[in-house]
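S.K.: give me the fold of what follows.
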Amino acid sequence: MEDIAPPKKRGRPKVADRWTEVDAGYESPCWLWKLAKLPNGYGFERRGERMGYAHRHAYERHHGPIPENTSIDHLCRVRACVNPLHLEAVTPAENTRRGRSTKLTVEDVREIRRSHAPQRVLARRYGISQSQVSRIKRRHSWTDVCD
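M.R.: Prediction:
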């Protein structure tokens, strides 16, 4: 007798079927998105009639609407994570500062602004471009850092 496979389930997977719990070295386990992911590593899903990032939807389900002019930062630094305890609404500038490629600290920026050394010297010292030093000194970059 031939085995007959059960019919495939239709519709959306249950919420728990969308992610898997993994210890990624943060305070609590990450919930890694198992469904569609973009090339940049972020989970992507349909919610009602709109498509969007899975971590933003997870934040909204747990914390409510995302405040205006904010980004959602992954405190665990894992882009596929949708654990609402690992997600925080922050300004885009703060989100960028917390990113992996940020070379400067707030104290570095304060030192650059106070320094009278030539910009090319500061650029070499901090491993950034002279134009970035100029933007910091003119307050066109790191604008929310007060001296």
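S.K.: can we go C-alpha only for contacts and neighbour counts from here?
M.R.: Fine.
S.K.: now do the domain split for this protein, please.
M.R.: 15-98, 106-137 (automatic domain parsing).
S.K.: contacts for the helix or strand of the chain with the lowest mean pLDDT next, please.
M.R.: Taking mean pLDDT, DSSP states H and E as the measure, the helix or strand of the chain with the lowest value is helix 92-98, at a mean of 80. With Cα atoms under 8 Å, 6 or more residues apart in numbering as the test, helix 92-98 has contacts from Asn69, Thr70, Ser71, Ile72, Asp73, Thr102, Leu104, Thr105, Trp142, Asp144.
S.K.: pLDDT added to those, as JSON lines?
M.R.: Output for the contacts of helix 92-98, formatted as JSON lines (pLDDT from 0 to 100):
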{"residue": "Asn69", "pLDDT": "92"}
{"residue": "Thr70", "pLDDT": "93"}
{"residue": "Ser71", "pLDDT": "91"}
{"residue": "Ile72", "pLDDT": "94"}
{"residue": "Asp73", "pLDDT": "92"}
{"residue": "Thr102", "pLDDT": "73"}
{"residue": "Leu104", "pLDDT": "81"}
{"residue": "Thr105", "pLDDT": "81"}
{"residue": "Trp142", "pLDDT": "75"}
{"residue": "Asp144", "pLDDT": "68"}
